[in-house]
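A.B. asks: How does the following fold in three dimensions:
(chains A, B, C and D)
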Number of protein chains: 4
Amino acid sequence: MSKPAIGMVGLGRMGANMARRLHLKGLDVTVYNRHAQKATDLAQETGMHAASTLEELVQKLPAPRVIWLMLPAGEATQSHIDQLLPLLSKEDILVNGANALYEDSMAQSAKVEAAGVHYIDAGVSGGVWGLKEGYALMVGGSQEAVARVTPFLKALAPGEDQGWLHCGPVGSGHFVKMVHNGIEYGMMQALAEGFAILQAKEEFHLDLANVAEMWRYGSVVRSWLLDLTADTLHKDQVLDDIAPVVADSGEGLWTAQAALAMKIPAPVITLALQMRWASQGKDDYAAKLLAMMRNQFGGHAVQKED
Amino acid sequence: MSKPAIGMVGLGRMGANMARRLHLKGLDVTVYNRHAQKATDLAQETGMHAASTLEELVQKLPAPRVIWLMLPAGEATQSHIDQLLPLLSKEDILVNGANALYEDSMAQSAKVEAAGVHYIDAGVSGGVWGLKEGYALMVGGSQEAVARVTPFLKALAPGEDQGWLHCGPVGSGHFVKMVHNGIEYGMMQALAEGFAILQAKEEFHLDLANVAEMWRYGSVVRSWLLDLTADTLHKDQVLDDIAPVVADSGEGLWTAQAALAMKIPAPVITLALQMRWASQGKDDYAAKLLAMMRNQFGGHAVQKED
Amino acid sequence: MSKPAIGMVGLGRMGANMARRLHLKGLDVTVYNRHAQKATDLAQETGMHAASTLEELVQKLPAPRVIWLMLPAGEATQSHIDQLLPLLSKEDILVNGANALYEDSMAQSAKVEAAGVHYIDAGVSGGVWGLKEGYALMVGGSQEAVARVTPFLKALAPGEDQGWLHCGPVGSGHFVKMVHNGIEYGMMQALAEGFAILQAKEEFHLDLANVAEMWRYGSVVRSWLLDLTADTLHKDQVLDDIAPVVADSGEGLWTAQAALAMKIPAPVITLALQMRWASQGKDDYAAKLLAMMRNQFGGHAVQKED
Amino acid sequence: MSKPAIGMVGLGRMGANMARRLHLKGLDVTVYNRHAQKATDLAQETGMHAASTLEELVQKLPAPRVIWLMLPAGEATQSHIDQLLPLLSKEDILVNGANALYEDSMAQSAKVEAAGVHYIDAGVSGGVWGLKEGYALMVGGSQEAVARVTPFLKALAPGEDQGWLHCGPVGSGHFVKMVHNGIEYGMMQALAEGFAILQAKEEFHLDLANVAEMWRYGSVVRSWLLDLTADTLHKDQVLDDIAPVVADSGEGLWTAQAALAMKIPAPVITLALQMRWASQGKDDYAAKLLAMMRNQFGGHAVQKED
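C.D. replies: Numbering: from 1, shown residues only, chains lettered A, B, ... in the order given. So this is what the prediction gives:
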């Protein structure tokens, strides 16, 4: 029996590594990238197949096909779906692995399913570590479609039966991934606050890297985020040349928005996001106005911008 | 019958203006300042009496005396009390009008009362506007002592029976003033957030000064802080040359600490304080660490300090 | 010259009192309510005109007409607009005074303006006190349309030139009103936290009504919300028979959502909303799970529901 | 060479299990408990030594002695120290393993060290799982004293060189443990909020136990707290008979207080604590007052207590 075949579209850091992991696990992977050279290089290096056009990709895959899109959410994903849909046949499956808003995925799915093609939304966690340790996969879609992609889920996940879940109908995969990232915002903020308190206690001359390392074993806060924190602190715990600016991608915001829309208090997740924005200077107008108010009622001096 | 006499010690912005208001209301005011010239100048300008030493102050005041200390909390106040106590007689009254921690005032009172001198803690609100509009006065002390200073409270307050209160025993005056300032932190933050939202809605080209001015009448948020906000926005609503740095004095912190000590949730007051600290860069280590964590797990770029 | 005429549609607490105020100020008011009796009664009591159908209302008003809708946002407002539009003529004006989401008002306006009828969104603040003290009015619409309703704005507002503002284009009125309510959430929470801290300080036996009353004069936190707080505390400061449940209407939520959508940190406004939700029990699942987690790692006892 | 000997005072859940682990690792353990039967039973069951008085304990231990106190912080610990000090000799070591406030430990240490006895503060994490998995140990004290207790630390910790740390001088052990628990509060709250959002999304019929289980592998939020959450959700994810009341012990509060005292923003940790208090009804007065304010300005109905 031939091994299950999959097409991977989008060979950024995530897509390329996921293709590698699928290939290493013995699956039949054909890769495609808008800049074809990337696909050719990866195929040459690893022995996967490469397709230089979407038409070629579709031709090279046995029907019914499984194509996994690992592209930026929004236009990039949508335009590839628009190009692929006319080339696909009934019962083919499109997996959207982007960090997309679950409501967008539900709307996108409706159009794809209308063309007789199955749609699966897959939230993928793992970052730069996924190739080696496996990816956590949160999948939404029909029983039938998810059953057909299960070999790929098992290969991508950290274990055959670990780290992947068919969460529910289309949308639920990206929803669960979104909440996962929301929790991550809160956990990261809690860790960062804790280490900031330790760092401020100058009289104890604490070695923060050693503290983090020690907490990795037996403590209540042991976690993968703590492991990474320990790594980072081992390299540098002074952080003098790092700017105090924390970027945010969409999913923390979406979690906060979903919680508001459902009237569920998520104060810590929301605040973790707001603190990131404050670090980006999005709080500046409020702060300037507060400084002026204090000046107005108390005659307190105001700092001028240099 | 002679008019009630009071000594005012400390002629900073608050003390000098309070002396003026007492004098304008027809009370008999003797002023003292560590730099005697300030007292002499004020007396010359207004017709009050000046004392160039604390001994002279005590001699010039009819017994039983009332002396109001309007000095920075802590050492400045304590050292003046230490100098005054040996000069005073039983039944004299010391009023501590500083922004002191109520627990410190209670401890201070115990020593003063042990010497037979009455102690009153007075929280004073009013800032640069108090001379004209009157000061809100929150007073703690015995019935007897407070009764004797009531003529001065009536003169300082916005109205004879408005804007001053004998709150309870010693400590309660500074406690109520502390909570007053805590509420102020929360209200200011709420206003600042609201105007920041308005300012960010560029498509509406809102005139924030006009919005603030309009809200002053008939709206639910009309308040003195809004009046000041309107004043400030009328002068400048772009705030381009103001640094986004909000200072804090002690009382917001004390309120947050008191709430913690009593296990009363005061999340908005506490957060308003924490946002001020974030504006001062006290959040920087946490932000740097968060940026490094993101880099560690996601390979996200980190901004370097210039 | 005849006095300006207006039709008021919707005679709930707000609409009826606004009609009264317009009438008392000498304007020509025709009232309509779905239950016609309410309109008839109000007209009989006050001498306004009543219309028992929307057709009659339109006929009774001189063209170009001004009709002010004071109905619940959403379907009630929309269905009245749908009924009115075919009856109206070019240059007539519809004012939507509901607490509507500004984006909905902008969409609604597009349809109304397409029919040649002007649309104004008016945010109205004032509650049960507006009849006597006047309403704060935040108005969005074209220069031309707003100029024509200005006589009514001047009559409704607390002063001819106070408490009303043409904020900007359609949508801006409801946007500014929304932010106003958001600020209100934050201010109320700050006040409530402060009084909760005072109340918890049992050793001082503070009279909270007296504290609130005193703060009304000369303090930094003096405000209309404090006035109301004083009123309420004068009646009852124990609050033993009041359930600790705080309802929320839409506008606090909309403000939090708008801030998120614009990436402006509004932590205090957002948290004030979340604390209301917590008071409504919307935090219960999280709390139950936390209790179980503590039990799981520490063997801590868990309370069972009765 | 004889094996290192230690006395364990206090045989609650923590102390008894720690004694067991030390004994299992081949160390020479003598146990004492105020109710002597507990010590006798444990000795009989395991083969450790038991002492029925503190005098006996001191006699049974070879000098210089190591005695580990595993008692409730505060009076219980202090009174045992007071009884032990006259019995001890110079160079003996007292280890305080309680969850004590680090500042109290520093004060306590000063007195102990004045008697020539060494003092070590040890923060111990591990709960009911420590016997099997080992305890995370955060230790403060002099180089000399810590070197002498290192065999016991290695035995108690999850690994010889894992999960224990000599943090710094006396106080630093309990300080680091305190911050550990503060971070734990924030992480737990983030997890609970996330699962509450998932639970509220009824249309997806998510199985929260499966989601938690899946996240344990390869996800960014994998952590010991998530492991426990998965355990708990596997048993019951409806939580209908659990009261939504989350208790708090001292260390979350101490962390929030330490952050305030050092002016370090720790908004998420602080808020996690405040949400626990809200779950305990400590927010009720504020909520009642807010309900009354809304009633006052908007005529909104107020719920009465049953």
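A.B. asks: For chain D, what's the nearest residue on the stretch 1-150 of chain A?
C.D. replies: Closest residue of the stretch 1-150 of chain A to chain D, CB to the nearest CB: A:Ala136 (3.8 Å). Heads up, the C-betas are built off the backbone N, CA and C, glycines and all.
A.B. asks: What mean pLDDT does the biggest strand by length in chain A get?
C.D. replies: In chain A, assigned by DSSP state E, the strand with the most residues is strand A:118-125. Strand A:118-125 shows a mean pLDDT of 97.
A.B. asks: what about that strand, near chain B?
C.D. replies: No - Strand A:118-125 is not in contact with chain B by CB under 8 Å from any CB of the partner chain; minimum separation 9.5 Å.
A.B. asks: Sheet-wise, list the partners of that strand with their directions.
C.D. replies: strand A:93-96 (parallel), strand A:136-140 (antiparallel) (DSSP bridges).
A.B. asks: Please state the offset of the very next helix or strand once past the shortest one from the chain centre?
C.D. replies: Think strand A:93-96. Following strand A:93-96 in sequence order, the next helix or strand is helix A:102-114 (DSSP states H and E). Put simply, helix A:102-114 sits 19 Å off its chain's centre (CA atoms, centre = their mean, to the nearest Å).
A.B. asks: okay but A:Val112 is in contact with A:Asp92, surely?
C.D. replies: No - if you go by CB atoms under 8 Å, A:Val112 and A:Asp92 don't touch, sitting 9.7 Å apart.
A.B. asks: what is in contact with those two at once?
C.D. replies: A:His118 (CB atoms under 8 Å, 6 or more residues apart in numbering or on different chains).
A.B. asks: what about the nearest residue to A:Asp240 once chain neighbours are set aside, neighbour count?
C.D. replies: Of all residues not flanking A:Asp240 in the chain, B:Glu305 sits nearest, at 7.2 Å (CB to CB, 6 or more residues apart in numbering or on different chains). When neighbours are counted by other CB atoms under 10 Å in any protein chain shown, B:Glu305 registers 11.
A.B. asks: do A:Leu54 as well
C.D. replies: 19.
A.B. asks: Run a quick check on it versus A:Leu85, I expect a contact.
C.D. replies: No - using CB under 8 Å, A:Leu54 makes no contact with A:Leu85, being 10.4 Å away.
A.B. asks: Wondering if stretch A:210-218 reaches chain C at all.
C.D. replies: No - Stretch A:210-218 lies out of reach of chain C by CB under 8 Å from any CB, never closer than 11.9 Å.
A.B. asks: ok, now stretch A:249-268?
C.D. replies: Yes - using CB under 8 Å from any CB, stretch A:249-268 reaches chain C at A:253, A:256-257, A:260-261, A:263-267.
A.B. asks: Regarding chain A, what is its longest helix?
C.D. replies: Secondary structure of chain A per DSSP state H: the longest helix is helix A:172-200.
A.B. asks: Please enumerate residues in contact with whatever helix or strand comes next after that one?
C.D. replies: Of the helices and strands lying after helix A:172-200 in sequence (DSSP H and E), the nearest is helix A:208-215. Helix A:208-215 has contacts (CB under 8 Å, 6+ apart) with A:195, A:198-199, A:221-222, A:226, A:229-230, A:233-234, A:237, D:136-138, D:162-165, D:167, D:176, D:180.
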